[in-house]
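**Q** sequence plus predicted model, see below.
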Amino acid sequence: GFSQIGSESGWRTSETASIKAEAERRGIDLKFSDAQQKQENQIKAVRSFIAQGVDGILLAPVVETGWDQVLQEAKDAGIPVVLVDRGVAASEDLYLTKVASDFVVEGALAAAWLAAETNGVCDVVELQGTVGSSAANDRKAGFESVVGNFPAINIIRSQSGDFTRSGGKEVMESFLKAEDGGKNICAVYAHNDDMALGAVQAIKEAGLKPGADILIVSIDAVPDIFKAMADGDTNATIELNPHLGGPSFDAIKTAKDGGTVDKWIKANGPLFLPDTAAEEYAKRSQ
Amino acid sequence: MTGLEDRKNQRKTTMPFSVKLNRQWLGPVIALLLIIIGNGIISPGFFTIRIVDGHLYGSLVDIVHRGASTVLVAVGMAIVIGTRGIDLSVGSIIAICGAVTAVLIRDTSLSPFVILLIALAAGIVCGLWNGMLVAYLDIQPIIATLILMVAGRGIAQMITGGQIVTFHGPFFEAIGSGYLLGIPWRVIIAAVLIAGLWAVMRKTALGLFVESVGGNARASRLAGIDARGIKVLAYVISGLCSAMAGVIIAADIRGADANNAGLWLELDAILAVVIGGAALMGGRFYLGLTVIGVLIIQALTTGILLSGLPSQYTLIVKAAVVMVVLLVQAPKARDMILRAMQRKKS
Amino acid sequence: MAAMTQSTSAILSVRGVGKVFPGVKALQNVDFDLVPGEIHALLGENGAGKSTLIKVITGVHPRDAGRVIFNGTDIHPQHPGEAQNMGISTVYQEVNLVPTLSVAENLMLERQNLKWGFINWKPTIAAARDALATLGLDIDVERPLGSYSVAIQQLVAIARAVALDARVLILDEPTASLDAEEIKSLFQIMRDLRGRGMGIIFVTHFLDQVYAVTDRITVLRNGQRVGTFVTADLARIDLIGHMLGRELAEVSSHRHHDERGFTGKGNQIQIKNLGRKRMLHPVSLELSGGEIVGLAGLLGSGRTELAELIFGAQKADSGLVFINGEPVMLRSPQHAIRSGFALCPEDRKQDGIVAELSVRENIILALQGRRGWLRPIPGAEQQKIADDMIRALGIATPDREKPVGQLSGGNQQKVILARWLVAKPLFLILDEPTRGIDVGAHADIIKLIKELCDEGLALLVASSELEEIVAFADRVVVMRDREKVSELVGAEITQSRIIEAIAR
Amino acid sequence: MINERYYPLLATLAVCALLYGYGIYEHRAFSDTYVLGNLLTDNAFLIVTAIGMTFVILSGGIDLSVGSMIAFVGVLMAELVGGFGLHPLAAVVIAMIVGTGFGGFMGYLINKFDIQPFIITLAGMFFLRGMCFVINLDSVPISHSFVSDFGSFRIPLPGRGWLSASALVMLAAVIVGIVIAHYTRFGRNVYAIGGDRQSAELLGIPVGRTTVQVYALSGLFSSLAGVVFAFYTASAYPLAAVGVELDAIAAVVIGGTLLTGGMGFVIGTFFGGIIMGVIQTLISFDGSLNSWWTKIMIGALLFGFIVLQRLITRSFSGLRAGAG
Ligand SMILES: Nc1ncnc2c1ncn2[C@@H]1O[C@H](COP(=O)(O)OP(=O)(O)OP(=O)(O)O)[C@@H](O)[C@H]1O
Ligand SMILES: Nc1ncnc2c1ncn2[C@@H]1O[C@H](COP(=O)(O)OP(=O)(O)OP(=O)(O)O)[C@@H](O)[C@H]1O
Ligand SMILES: [Mg+2]
Ligand SMILES: [Mg+2]
């Protein structure tokens, strides 16, 4: 069984597709359940997997807390649970392993790149994800932790663009207006690529050149961002690896065979720069 | 002699009517002005309108620019509410029509105009579906449209395959962010469509029928009005308006985001209609005031963004301002204030 | 004037009460006294302010001026519940009960039998049955009220008010849709209550009833008190004079059956075996242009059903309707209207008015419906039509843009009548058309209807007022138990013959 | 003959049985009491919310703030337990008082200023969600022995299943709801107001007071749902329960309550909630639907269900032709 959060972004859809494809390749009968971004639905799904007696459960938790109960039930039923793409705040013996990247690290990486690129002098505007979501919280925290070491890097504005393109565009438009037509902005840090793509359009429509007049760094590495990078519209993206199926199934198999697995199989992706963008785009967009 | 009397009476009786109408306009317009002035205080550059690349550019322009899609949805919603209905599915219709547009552009070489027509037709089909459920199966509007609200996003995702489908093309880029004589195309489209709707509603008897069906569907049927037909029509109009909004929203970001396009827009639209003075219990609708309602909400949103308020406070501020606007709007509250003022005087 | 002397012993006194609605002075400086053990008629034209006075007394509307003294103390009820608790029990105009609740619950709201704070249903329902039994009504009290006819609902409302055991009982047009039998038992109850020292205020437009039960009369005109009189000392003609502020010459002229000898010119309408299972046994009926056919029968005899079937408001499962030999499709009211039919429904609140729309819009609604949405009636013409009708029917409204919901009951009825008169149908069905309409307007309306018939209109009138039917019908169809039982023509049309046919 | 008021309820029951029967027919595991226990536990907070919503809808109103209320109560309790070190039970009491008070306040505004409930509660929904963000942006665990005891409490059922504390609270709430609705004057007044507000007023029912109480009651039930949800997940999350208001409304309506007010049953809401749960469970049992087909299926099942209910109601009542 695989309990997915939903299909709210292109990245999420690729993740789903990748895991399904991996299962198919290995001849695993995968029960898929879409929770529409709701924790309560995920709990229901996990319980119904338990009821059906599946061999293993993949869980992409929508939020980090509140899983003790249901994980305990899975454990009681002897079903190993693998957390994919983010962790939970529960005791480690309740799940087999997590195959995930670290949002905080991603934020920090973005900040590090920006600091290097601007020699530590920059007024940044931040496009946050959905208020209250852990991806937004952590990517913000990671970024701030690094930026805090550079007195001349300031986050001058920070608003939520809800992880969407139109949200990113609308918020960026208002940033441009508020900051003297964008003259005060040196860079944009977007919590995901979609918002960055929206910001690109807003900047263009304001008569500026994205990627040159205003630097743009974002996270996820969806195909479209590589095209934008190749066109010189954005400057960097950090990959959030969607191909988590392989390691997850491996872990379950190892556990079934009586082996042990690490509690955290790290899957952080690299930072991509424009130089490889065209090539990556060609690779990913087919 | 009597003719003269009559004419005098007529003038006398039309006078209070127009005064009353003025009063109704007053609340929303004042609220809008106050919010705009407030924005000006918070953000000094708010009122400047410059010309950039041969078109108007500035925060005020942003408000109408951003509001264009919402206003379309809200106007359709106003008509549905006029029939004592509600349409929760507008967001999903936006997603579907955006998806249809994007996929057609990507996969076919149809002329953009044809694609636009197909997208609008998709909206009409959605509206028909809603209307049938409400009018012929007698399903309560909230639930009837909830069905499409839930399923519609799924349909939109099925069309796009769950990805954001990006597209390019001058026609749709113009709709999204192009300008005619310095005025955004989307604003022109919205204005033309709304003016057309207004004419259809108020220059024919359709508006009367809508209000009559909303006021008392049974009585309207007995008076020879095709109450079911009118209801279906209202949802079709709402579907059409949402479809246009969907195309605009997709064209704006040059991509169809099946999951997020128009998400929660129905709430903003309903809010705008109510701020515009319509009762959710049907019987009356005001297109002009609905437009002002949308502008109020959009001005508020833009103002909050400009103010640099931390994101976590955004919702609270929005709720508070909306509350104040509604309270000032409420006839009962106004009566109370007036009475209190009179008491002070005497 | 006679009343003033008794004010000391009054249980309920009103002094200098005023009430203003936007554009209307509904009440101005009104005085009124009710003594225990009397039935006091409150009379006046439609829109005179009767209902408003009652609503001001019971706290539905806040008053703008004056005092209300109940049992010796000034009262200021904020809502009807308060007045009810003080001992003023009221049946308001229109049926003001909750259609979705059962009959028993309507009767017992806020008075349910409690046991440890929770409702004890058995005794509660038994009490409801008892309350209805006093009015001689034996129906299933656990069915929703809305499934019963207006008349039954009216009786339930009365039963509720009577059962409250109050010191003052106020009845605002309670008899509007009742028939003779029920009125009789209501009067008996009123007399009993009077005997027990209750004070009763009774509003009606039927002068016979005024003389049958009331002791005194207070007349209102244009929101002002004209005077209070002892019923026995006031001649009918004077009473009418006080109410209208003018003499009503025609009042008796419509009482004798005139020999217009309609020519049958124009149209022939044939109804053949029209019926529907469980609703109406097939009925056949013929009318010709210029003819007025009365439809008589007891409550629930199927008159309303017949009207609705003819009009297509309910789908018939047998029978056909022909106009001049051509069959017409009556699948919906819309089709019927296109064929020139019109139905003025019985239940004006549910089926008649569109409360939020203005008087003008309500009046032109059917005409516009017939023209379709594409051909709107020009604004000026709408205004003219509305103004003409407001004048012709004497609709009391400050202006034609007032929402109909804010008019007095009788005036709402006039607006609906106007709606159908304006539509110029060739076959008009009126179901209880004069419900709640005052004597003056009654005469005007009957005159107008006759004029229309002279122009070739065929008319079917269902009415519980036999007097009215006898007065103007050329032919009377009598219904009983959802079946047509007899048809009377010409000289056969007398009240006694009709009652005989109903009772047989 | 059965009173016609019960037709929608019977229809709901019939469809519920049908759906469950289908589940058992299709998947063997469905007949296990484990699934039944899960249904009761997993939908407990939804049903509790929906009971409060039933009263609001019966009175002819609507309450959109319930979803945010659930999240708010969770965040508030986490703050009280984690930040102030209160005992969870004390936090529960405070949270429910705050919730009830907020509901009552919305009712007060609705009544006093005659503003439409849809809008007031929409503003309430924004406001409460905003308050969550202000108190705490992160998802935090509520760790306290009482909470985990609550979570692990269970009464075994025959088979693999059990009744959890959440389920018991929910069942108790259903019973309380039924008693309030059918055996108190307040409950009957709610029906009367929803049936015809104006008439209710003229019949002497304290309409204003009852309106305020109805929203307070909804606040009470939704904060109780918040408590159940917080204990169920032993955590608080500011984005929890987004859109639950629509699920709750759907449960109420599927349960046979008329959205226009005045007609319906609390027990119907219980089955409505269960039906929503069964639909979900069926979909995850199936496990072959991708994200979008899941949505389409939920919509289609909702549609199929409502049409079926219509048909059953109609064939019961035979006559009763509806107008326009
Ligand atoms: N809620 C209201 N708002 C505005 N005007 C009102 C309202 N209620 C009554 N009026 C006006 O007050 C006047 C008196 O109405 P009222 O209902 O007291 O008349 P009535 O004597 O009861 O007439 P009827 O015999 O037709 O019932 C009418 O002109 C009416 O239009
Ligand atoms: N005395 C009664 N007992 C039980 N049910 C009744 C009674 N009178 C009427 N009804 C119910 O009321 C429903 C409607 O009948 P309705 O009153 O419309 O007939 P009608 O002949 O038009 O009478 P009227 O026009 O005088 O009210 C019928 O279906 C019947 O069930
Ligand atoms: Mg009256
Ligand atoms: Mg009748």
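**A** Happy to help now that I have it. Numbers count the residues shown, from 1 in each chain, chains lettered A, B, ... in the order given. Ligands and ions are numbered 1, 2, ... in the order given.
**Q** all contacts plus neighbour counts: C-alpha atoms, from now on.
**A** Fine.
**Q** ok, residues contacting the host helix or strand of D:A200?
**A** Element membership for D:A200, per DSSP states H and E: helix D:197-202. By C-alpha atoms under 8 Å, 6 or more residues apart in numbering or on different chains, the residues outside helix D:197-202 that reach it are C:V60, C:H79, C:P80, C:G81, C:Y92, C:N96, C:L97, C:V98, D:N189, D:A192, D:I193, D:V207.
**Q** try 7 Å this time
**A** C:P80, C:N96, C:L97, C:V98, D:A192, D:I193, D:V207 (C-alpha atoms under 7 Å, 6 or more residues apart in numbering or on different chains).
**Q** before we move on, what about stretch D:110-119?
**A** Under the contact criterion C-alpha under 7 Å, 6+ apart, stretch D:110-119 has outside partners B:L271, B:A330, B:K332, B:A333, D:G61, D:I62, D:D63, D:L64, D:I120, D:G208, D:T211, D:V212.
**Q** low-confidence ranges in chain C?
**A** C:1-8, C:246-266, C:504 (pLDDT under 70).
**Q** D:T281: what's it in contact with?
**A** Residues near D:T281 by C-alpha under 7 Å, 6+ apart: A:S48.
**Q** next: C:G223.
**A** C:G223 neighbours (C-alpha under 7 Å, 6+ apart): C:K25, C:A26, C:L27, C:Q28, C:A48, C:G49.
**Q** related to what we said a few turns ago, neighbour-wise, which of the contacts of helix D:197-202 leads?
**A** Neighbour counts for these, by other C-alpha atoms under 10 Å in any protein chain shown, peak at D:A192, which reaches 32 neighbours.
**Q** show me where pLDDT drops low in the stretch 201-346 of chain B?
**A** B:343-346.
**Q** need the residues of it near chain C, please.
**A** Contacts of the stretch 201-346 of chain B with chain C, taken as C-alpha under 7 Å from any C-alpha of the partner chain, map to B:204-206, B:212, B:215-216, B:218-219, B:221-226, B:283.
**Q** redo that, cut-off 6 Å
**A** For the stretch 201-346 of chain B, the residues found near chain C under the criterion C-alpha under 6 Å from any C-alpha of the partner chain are B:T204, B:A205, B:L206, B:G215, B:N216, B:R218, B:A219, B:L222, B:A223, B:G224, B:I225, B:G283.
**Q** mind putting these into JSON lines with distance to C:C453 and secondary structure?
**A** Shown next, in JSON lines, are those (distance: C-alpha to C-alpha, whole Å; DSSP: H, G, I helix; E, B strand; the rest coil):
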{"residue": "B:T204", "distance to C:C453": "32", "secondary structure": "coil"}
{"residue": "B:A205", "distance to C:C453": "30", "secondary structure": "coil"}
{"residue": "B:L206", "distance to C:C453": "32", "secondary structure": "helix"}
{"residue": "B:G215", "distance to C:C453": "32", "secondary structure": "helix"}
{"residue": "B:N216", "distance to C:C453": "30", "secondary structure": "coil"}
{"residue": "B:R218", "distance to C:C453": "28", "secondary structure": "helix"}
{"residue": "B:A219", "distance to C:C453": "25", "secondary structure": "helix"}
{"residue": "B:L222", "distance to C:C453": "22", "secondary structure": "helix"}
{"residue": "B:A223", "distance to C:C453": "21", "secondary structure": "coil"}
{"residue": "B:G224", "distance to C:C453": "22", "secondary structure": "coil"}
{"residue": "B:I225", "distance to C:C453": "26", "secondary structure": "coil"}
{"residue": "B:G283", "distance to C:C453": "35", "secondary structure": "coil"}
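**Q** can you list those residues in a markdown table and add neighbour count?
**A** Converted to a markdown table, these look like this (neighbours: other C-alpha atoms under 10 Å in any protein chain shown):
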| residue | neighbour count |
| --- | --- |
| B:T204 | 18 |
| B:A205 | 21 |
| B:L206 | 22 |
| B:G215 | 23 |
| B:N216 | 25 |
| B:R218 | 22 |
| B:A219 | 25 |
| B:L222 | 29 |
| B:A223 | 33 |
| B:G224 | 26 |
| B:I225 | 30 |
| B:G283 | 26 |
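**Q** from the residues you listed, pick the one nearest B:S43.
**A** B:G283 (40.1 Å; C-alpha to C-alpha).
**Q** quick one on the thing from earlier: now rank the contacts of stretch D:110-119 by neighbours and give me the top one.
**A** Going by other C-alpha under 10 Å, D:D63 tops these with 30 neighbours.
**Q** surely it is in a helix?
**A** No - assigned with DSSP: H, G, I helix; E, B strand; the rest coil, D:D63 falls outside any helix and is coil.
**Q** could you measure from the residue lying closest to B:G154 once chain neighbours are set aside over to chain C?
**A** Spatial nearest neighbour of B:G154, chain neighbours left out: D:W292 (4.0 Å); criterion: C-alpha to C-alpha, 6 or more residues apart in numbering or on different chains. From D:W292 across to chain C, the span is 40 Å (C-alpha to the nearest C-alpha, to the nearest Å).
**Q** so who does D:W292 touch?
**A** Applying C-alpha atoms under 6 Å, 6 or more residues apart in numbering or on different chains, we find D:W292 in contact with B:G154, B:Q157, B:M158.
**Q** any residue of the strand or helix carrying B:I105 touching chain D?
**A** Secondary structure assignment for B:I105, by DSSP H and E: helix B:90-107. No - Helix B:90-107 is not in contact with chain D by C-alpha under 6 Å from any C-alpha; minimum separation 11.4 Å.
**Q** with just CA atoms, put that helix into PDB.
**A** Provided in PDB are the C-alpha atoms of helix B:90-107 (Å, rounded to 0.1, in the frame of the first residue of the first chain):
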ATOM      1  CA  VAL B  90     -16.700  27.500 -10.200                       C
ATOM      2  CA  GLY B  91     -13.200  26.800  -9.100                       C
ATOM      3  CA  SER B  92     -13.300  23.400 -10.700                       C
ATOM      4  CA  ILE B  93     -14.800  24.700 -13.900                       C
ATOM      5  CA  ILE B  94     -11.900  27.200 -14.000                       C
ATOM      6  CA  ALA B  95      -9.500  24.300 -13.700                       C
ATOM      7  CA  ILE B  96     -11.300  22.200 -16.400                       C
ATOM      8  CA  CYS B  97     -11.400  25.000 -18.900                       C
ATOM      9  CA  GLY B  98      -7.800  26.000 -18.200                       C
ATOM     10  CA  ALA B  99      -6.800  22.400 -18.700                       C
ATOM     11  CA  VAL B 100      -8.800  22.000 -21.900                       C
ATOM     12  CA  THR B 101      -7.200  25.200 -23.300                       C
ATOM     13  CA  ALA B 102      -3.700  24.100 -22.400                       C
ATOM     14  CA  VAL B 103      -3.900  20.600 -23.700                       C
ATOM     15  CA  LEU B 104      -5.500  21.700 -26.900                       C
ATOM     16  CA  ILE B 105      -2.800  24.200 -27.500                       C
ATOM     17  CA  ARG B 106      -0.100  21.700 -26.800                       C
ATOM     18  CA  ASP B 107      -1.500  18.800 -28.700                       C
END
